[in-house]
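> Here is the input, now give the coordinates:
(chains A and B)
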Amino acid sequence: MGFLSTLLSLCGFGVGVSSGLVVGYFLFIYFQPTDVKDPVIRPLVEHDSESLQKLLPEIPLWVKNPDYDRVDWLNKFLEYVWPYLDKAICKTAKNTAKPIIAEQTAKYNIESVEFETLTLGSLPPTLQGMKVYLTDEKELIMEPSIKWAANPNITVVVKAYGLKATVQVVDFQVFAAPRITLKPLVPSFPCFAKIFVSLMEKPHVDFGLKLLGADLMSIPGLYRFVQDIIKDQVASMYLWPKTHEVQILDPTKAMQRPVGILHVKVLRAVKLRKKDLLGASDPYVKLKLTESKLPSKKTTVKHKNLNPEWNQEFTMVIKDLESQVLELSVYDWEQIGKHDKMGMNVVPMKELTPDEPKVLTLTLLKSMDPNDVSNDKERGQIMVELTYKPFKEDDLPKDFQESGTVLKAPEGTPPGGGVLVVIVHEAQDVEGKHHTNPYARIIFRGEERKTKHIKKNRDPRWEEEFLFMLDEPPVNDRLHAEVLSTSSRIGLLHPKESLGYVDISLSDVVSNKRINEKFHLIDSKNGRIQIELEWREAS
Amino acid sequence: MGLISGVVMGMVFGIALMAGWQHMMRYRSKKRIAKAVDIKLLSSLDRDDLKKICGENFPEWISFPVFEQVKWLNKQLAKLWPFVADAAEAVIKESVEPLLEDYRPTGITSLKFSKLSLGTVAPKIEGIRVQSLKKGQITMDIDLRWGGDPNIILGVEAALVASIPIQLKNLQVFTVIRAIFQLTDEIPCISAVVVALLAEPKPRIDYTLKAIGGSLTAIPGLSDMIDDTVNSIVTDMLQWPHRIVVPVGGIPVDLSELELKPQGKLTVTVVKANDLKNKEFIGKSDPYTVVYVRPLFKVKTKTIDNNLNPEWNQTFPLIVEDKETQSLIIEVFDKDVGQDEKLGVAKVRLIELEAERSKELELRLLPSHDMLKIKDKKDRGTITIQLFYHEFNKEEQLIALEEEKQILEARKKLKESGVLGSTVDALDGAASAVGSGINAGVGLVGSGVGAGVGLVSTGFGAVGSGLSKAGKFMGRTITGQSSNHRKSGSSTPVNSVQENGGAKPL
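Numbering: from 1, shown residues only, chains lettered A, B, ... in the order given. Here you go, the predicted structure:
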C-alpha cells in the first residue's frame, strides 16, 4: 500500500513537474519582452562611489599603463561610423545567409528560416588602448585591446511541421587582445604585404542565447561550459604563436624580385650620321632598362667612326618581363659640353624567348614618338644580340624570404663552410666634427668592403649586402664595422673622419644563424648601426 | 492522496524551477548590460571622469589635448617611412606634374621633377581630432608637421634660358589636414573622402630654392614665380574651401554635395586708385588691376599709361564658392617691359559683405597678403571698388557650374592642341580681352575655335560678357605673340587683334 502511494506520488510529481514547468514557462518566461532596449548611460560624474567600484576592473589599459596609447579618436570614429557599419554588416550577412538557408530548408523539410530581427545594436566596439612594439626587423607590431560589449538583437525564426521556434542572441560580449603584425614591409602601397593576426590571450566571450524566450546561458554551469568550449576552440586556432594570415599584396610583385638575367651584346652600328663639324662622330651606346633604378650601362667610345664595332657584353637584371623595356641610345661623345644623341630604339622584354640568343638589327630613330616627322631621316642601324635567361623555379624561393628563415648557401661552397652575409641597414645619430657624409666600412679577415657615401646625413640608410665565402664557420672571428665620413670638398684639413666603430663577435652568428641588431658605436656619442648577419651553411 | 500531493509538489517544484531560471536570466542579463554600459562609458573618458575614478592617484602622464596625441602612429610611421617614401615618389610624380603644368606661370615653358626623393625624416602627426559636424559625415583633422630632408630637383625650362635644375631644400610643412568621410550603408561604409588643408591655421610650406650649377638670378623673378606657383596650387586646390574629393569603394553615389559649388556671383567694379607709387624712371607708373577670388579665375583691367590716379570703372563678374572663407584679392601692377611690378595688394573678406546690397570700399594698398612679411609702413595709395554680391538660387547655380566646367574643359582642349601655354595664361588672356574690347572675342569666334563658340551661347547674361569669354581663350595666345616670349604664341595664325596684347607674366 505504502509502495503504491509512493509510486503514485512519484508519478504525480513527474506530471506535476512537467505541467509546473509549462505553467511556469508561461507565467514567467513567455511574457518576458524579447526586444532589446538601448541601455541607459548616465555620465560618469553622476555615479556614486559604489558603482564606480564596480567599474574599476574594466578601466582601460591606457589609464593604467603608460606604454599603451589612448585612441579616443579611433573610438569616436567607430562610434560615428557604427550605425552605418551595423546596417552594412547585417545586410551582407542576410544576403550571404539566404542561399545557404534555402539549401538547408529544402533538405530538412523545414518550411522557413528567417531573420526576424538582425541588428548588432547601438554600442560599437571600443579600443581600450594601443601598444606598438619596435623591432629591428621589417615589420610593424601593434596590440590593440578590443572590448566589444554589444547589445545586438539577432532573432531567427524557424518554422517546421506547423510549429514555430525562435532563437535569439542578445548581449553579446567579446574582449580580446589581438596582436596585429604587418610584414614584410615593401616599397609599394600599402607598404606591407601580409597581415598576421593572433590573440595574445584567450578571449572573453559572453552572450545570452534564448531558445523560445528562455536563456540557455543562464542555466547554472552551462554558461561556463560553453564559454570554455568557445575559448578553447578559438585558442587552438588563433592563440599566439598560431596566427591568421591575410595576404594583401602579391609577394613577388611587391618585393620586385628579379625573374631573370638579360645578356646584351652590343655588336656594331652602321651608317651612323655625322654630327661633329670636323671629322666623324665619336659614338657610344647607352643601355637602360625602364623601371630599373640601376644606372645605365655604356660601351666604350669609338673615336671618329661612323660604322663602329663594339662587341661588348653586358648583363642586366630583369624584374618584370611584361612591362620592362630595354632602351638603346647611341650618343656622340664630346670633349666639352653635352653629348649629342644620334638615335635610339627600344626592345620590349616580352618579345624575347627564354634561353634563345636573338640578333636584332634596329633602325635608329630620333624619338619613340611615332608621329615625330624627323624619324624619317636616315640615322643608321644598330645590331645587338640579346639572350634572356630566366631564373629556374628552384632558384627562386617559393614564398618570399621570410625574415627569420635561413637560406642555404649556394652551390660551390666548400663542404663544412658556408657564406657569411652581412647586410648593413642603417646608422643613427652619427656625427662628425667637421663633416657628416657617412659610409660604412666592413673589415673581415683583412677583406674590406664599403657602402656608398651618403651626403650630409646623420641617419644614413645604406641597405647594402655583402657576401663572404668561407671554408669553415667563423667561430673565432670578429667583424669590424666602422662608419666613416669623407669631406665633400677637397678639404686638405679634414679629409677623413671616423664616426665610430664596433667589433662584432661572429661566434654568436654561427650559433644563432641569424642576428639583426642595432650595435652601439664606440667612439661616438649616441651613434648606432644596424647590421644583419647571417651564416648560411653548405648543405 | 499521494498522487495529488505529488502533482502539487511537482507543480510547485516546476514553477519554482522556472521562476529560478527567470531570475537567473534577469540577473545575468542585467550584469551583462551593466558591463556594456561600463565599457561604453570608459571608451571615452575626459579629465573629470578620470579624476573621479582615480582620485588621488591620477596618472600624471595622461593629458587631454584637443588634438589627441598619437605616439604609436608616429612610431609606426617612422618605421614605415622609407617604404612609404619609395612608394609615394612614383605617385607624387604622376599626380603633381600635371598640376604643375596647369599652374605653370608664364615665362617658364616646362616644369618637371628631375629628381624626387622624400628623404629619411618621416612626417609627424602632432594630433588627431575626430568630430561629426554634419549627420552622415565624419570630420577628421590631422595636425601634420614635416620638417623633412627631401631631395627634390625641379627641371625648369624658361623661355630664354636653357633648362636649369633647381633644388628644393629644407622643406617644412606645417598644416592641418581635414579629411571628411561621407558615410553610407554599404561596405566599406565610406563612399567618399574629402581632403583639404584647413585655412585656419594657415598652411605653412617653407623651403629654400637653390640652383644647381648656376645662380637663381639667371632668370629674374624665377624664385618668385615658383613661390607663386606653389602658392596658387596650395590655395586654389588644397586649402579649404577647395578640396579634393576621392570616391571610395566604387559605390556610385552622388558626390555633387561634397564638391565645391558656385554659391553666388560677386560683381566687382574697379573704380579708381589714388596716390599710387611711381615705379618708373621716366614718366609715371602704368597701372592695371587684377582681381580674383580663385587664382584659377583671374580678371584684369585695362592699363592706364602714365597715371598715378587712374580711373578704370570696369566691372567683372566673379564666382564665389564659399562666402564664409573666401576673400576677394585685388592686386595693382605697374605695366612694364618684362616683369610687371606689383604696386600693392588689398583683400576683402567676403563674409563682411551683405547679399544683394551694393557696397563701395576704399582700401589701402599693402605690399603683401602675408601680414608677417610686411616690413615697411609706407603709403602705397588706395583703391576704390564697388562690390555687389548675389546669392545663386538652384538654377543659377547649375548654370554657373556647367559654365565653369565648360571653361575648364575648353581650356584643356586648347592646351592640348598647343594653343595655350598654360591654363593660368588663359586667364590673363581673358583679362586682356575684357580690357581691350569685345571685337577681339568676335574675331576669334569667327576664326572657329569650337570651344569658344560653345561658350558664347551659354552667356553669362549680357552678350558682351559672353563674347569676351570667347576671347578669353585666345587672348593669351595673342598676347604671347606680341611679346614673342613663348613658342605657342608665335605659331598662332590669328594676328588680327594685336591691340589685345600686353603680356603680364605672373
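
> so who does A:W148 touch?
A:123-126, A:172-175, B:39 (Cβ atoms under 8 Å, 6 or more residues apart in numbering or on different chains). Glycine gets a C-beta too; all of them are placed from N, C-alpha and C.

> before we move on, what about B:C189?
A:81, A:84-85, A:88, B:183.

> Okay, it and B:I319: tell me how far apart.
34 Å (Cβ to Cβ, to the nearest Å).

> One more: B:N309?
Counting by Cβ to Cβ, the gap from B:N309 to B:I319 is 31 Å.

> between these two, who's got more neighbours?
Higher neighbour count among B:N309 and B:I319: B:I319, with 20 against 13, using other Cβ atoms under 10 Å in any protein chain shown.

> Show me what that one is bridged to.
On the basis of DSSP bridges, B:I319 is bridged to B:K265.

> surely it meets B:P262?
Yes - using Cβ atoms under 8 Å, B:I319 is in contact with B:P262, at 4.7 Å.

> Mutual contacts of those two, please.
In contact with both B:I319 and B:P262: B:400, B:404, using Cβ under 8 Å, 6+ apart.

> Might you report the residue contacts of the residue lying closest to B:K347 once chain neighbours are set aside?
Leaving aside its sequence neighbours, B:K347 sits nearest to B:S327 (Cβ to Cβ, 6 or more residues apart in numbering or on different chains; 5.1 Å). B:S327 is in contact with B:293, B:347-350, counting by Cβ under 8 Å, 6+ apart.

> Which ones among those lie within strands?
Among those, the ones falling in strands (DSSP state E) are B:347-349.

> can you redo the contacts of B:S327 as TSV with pLDDT and neighbour count?
Output for those, formatted as TSV (pLDDT from 0 to 100; neighbours: other Cβ atoms under 10 Å in any protein chain shown):
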residue	pLDDT	neighbour count
B:V293	84	23
B:K347	85	12
B:V348	85	21
B:R349	83	12
B:L350	83	21
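
> separation between B:D49 and B:Q386?
For B:D49, the distance to B:Q386 - Cβ to Cβ - is 56 Å.

> Number of residues surrounding whichever residue of the stretch 401-539 of chain A sits closest to chain B?
Using Cβ to the nearest Cβ, A:D459 is the residue of the stretch 401-539 of chain A that sits closest to chain B, at 5.5 Å. Neighbour count for A:D459, taken as other Cβ under 10 Å: 18.

> Helix, strand, or coil at it?
When classified by DSSP: H, G, I helix; E, B strand; the rest coil, A:D459 comes out as coil.

> what about stretch B:310-319, distance to the chain center?
In terms of Cα atoms, centre = their mean, to the nearest Å, the centre of stretch B:310-319 is found 24 Å from the chain centre.

> That one: which residues count as buried?
By neighbour count on 16 or more other Cβ atoms under 10 Å in any protein chain shown, the buried set for stretch B:310-319 is B:310, B:312, B:314-319.

> Quick one: mean pLDDT over it.
Per-region confidence: stretch B:310-319 scores 88 on mean pLDDT.

> Please enumerate residues in contact with that stretch?
Counting by Cβ under 8 Å, 6+ apart, B:262, B:264-273, B:276, B:287-289, B:291-294, B:297, B:299, B:301-302, B:304, B:328, B:400, B:404, B:434-435, B:460-461, B:465 sit against stretch B:310-319.

> Tell me where the chain has helices.
You didn't say which chain, so I picked chain A. Secondary structure of chain A by DSSP state H: the helices cover A:2-24, A:49-55, A:61-64, A:72-108, A:222-238, A:251-255, A:507-512.

> You answered for a different chain; I wanted chain B.
B:2-43, B:47-54, B:71-102, B:222-233, B:394-416, B:423-436, B:439-446, B:450-458, B:463-483, B:487-490.

> Quick check: residues of the stretch 101-250 of chain B near chain A?
B:120-121, B:128-132, B:136, B:138, B:140, B:149, B:181, B:183-190 (Cβ under 8 Å from any Cβ of the partner chain).

> among these, which are in strands?
B:128-131, B:138, B:140, B:181, B:183, B:190.

> What score does B:P220 have for pLDDT?
64.

> Make a markdown table from the ones in strands among the residues of the stretch 101-250 of chain B next to chain A and add pLDDT, neighbour count and distance to A:S524 to it.
A markdown table is the format used below for these (pLDDT from 0 to 100; neighbours: other Cβ atoms under 10 Å in any protein chain shown; distance: Cβ to Cβ, whole Å):
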| residue | pLDDT | neighbour count | distance to A:S524 |
| --- | --- | --- | --- |
| B:I128 | 91 | 23 | 36 |
| B:R129 | 90 | 18 | 40 |
| B:V130 | 90 | 21 | 43 |
| B:Q131 | 87 | 14 | 47 |
| B:I138 | 89 | 23 | 47 |
| B:M140 | 90 | 19 | 41 |
| B:F181 | 88 | 23 | 47 |
| B:L183 | 87 | 20 | 52 |
| B:I190 | 84 | 20 | 48 |
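
> Tabulate those (JSON lines), appending distance to A:V205.
Converted to JSON lines, those look like this (distance: Cβ to Cβ, whole Å):
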{"residue": "B:I128", "distance to A:V205": "31"}
{"residue": "B:R129", "distance to A:V205": "34"}
{"residue": "B:V130", "distance to A:V205": "29"}
{"residue": "B:Q131", "distance to A:V205": "33"}
{"residue": "B:I138", "distance to A:V205": "30"}
{"residue": "B:M140", "distance to A:V205": "32"}
{"residue": "B:F181", "distance to A:V205": "31"}
{"residue": "B:L183", "distance to A:V205": "29"}
{"residue": "B:I190", "distance to A:V205": "29"}
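
> Of the residues you listed, which is the nearest to A:S9?
B:L183 (66.2 Å; Cβ to Cβ).

> Skipping its backbone neighbours, what lies nearest the closest one in space?
A:Y84 (4.5 Å).

> contacting residues for that neighbour?
B:136, B:183-185, B:189 are the contacts of A:Y84 under Cβ under 8 Å, 6+ apart.

> same check, this time on B:V195
B:177-179, B:238, B:243-244, B:246.

> Which residue does the stretch 151-300 of chain A have closest to chain B?
Counting by Cβ to the nearest Cβ, the stretch 151-300 of chain A gets nearest chain B through A:P187, at 3.4 Å.

> Is it correct that A:L199 is in contact with A:W240?
Yes - A:L199 is within contact range of A:W240, at 6.4 Å (criterion: Cβ under 8 Å).

> and for the two, which residues touch both?
Common neighbours of A:L199 and A:W240 (Cβ under 8 Å, 6+ apart) are A:R179.

> quick one: which of these two has more around it?
Using other Cβ under 10 Å as the criterion, A:L199 and A:W240 rank with A:L199 on top: 19 against 15.

> so where is the stretch 151-300 of chain A shaky, pLDDT-wise?
A:251-258, A:275-278, A:291-295 (pLDDT under 70).

> Can you find which strand in chain A contains the most residues?
strand A:163-176.

> Quick check: B:E257 vs B:A85, distance?
For B:E257, the distance to B:A85 - Cβ to Cβ - is 35 Å.

> Counting neighbours, go ahead and name the busier of the two.
Neighbours were tallied for B:E257 and for B:A85 using other Cβ under 10 Å; the higher tally belongs to B:A85 (21 against 12).

> That one contacts B:P123, doesn't it?
No - the pair B:A85 and B:P123 does not pass the contact test of Cβ under 8 Å, sitting 10.1 Å apart.

> check contacts around A:V266.
Counted by Cβ under 8 Å, 6+ apart, A:V266 has contacts A:285, A:287, A:299, A:310-314, A:328, A:382, A:384.

> For A:P57, grab the count of nearby residues.
That count, for A:P57 with other Cβ under 10 Å as the rule, works out to 8.

> Oops, could you answer that again for A:L10 instead?
Around A:L10 there are 14 residues (other Cβ under 10 Å).

> Ok, A:K131 next?
A:K131 - counted by other Cβ under 10 Å - has 18 other residues nearby.

> count of neighbours near the nearest residue to B:D275 once chain neighbours are set aside?
Nearest non-adjacent residue to B:D275, counting by Cβ to Cβ, 6+ apart: B:G381, 3.9 Å away. Residue neighbour count, defined by other Cβ under 10 Å, stands at 18 for B:G381.
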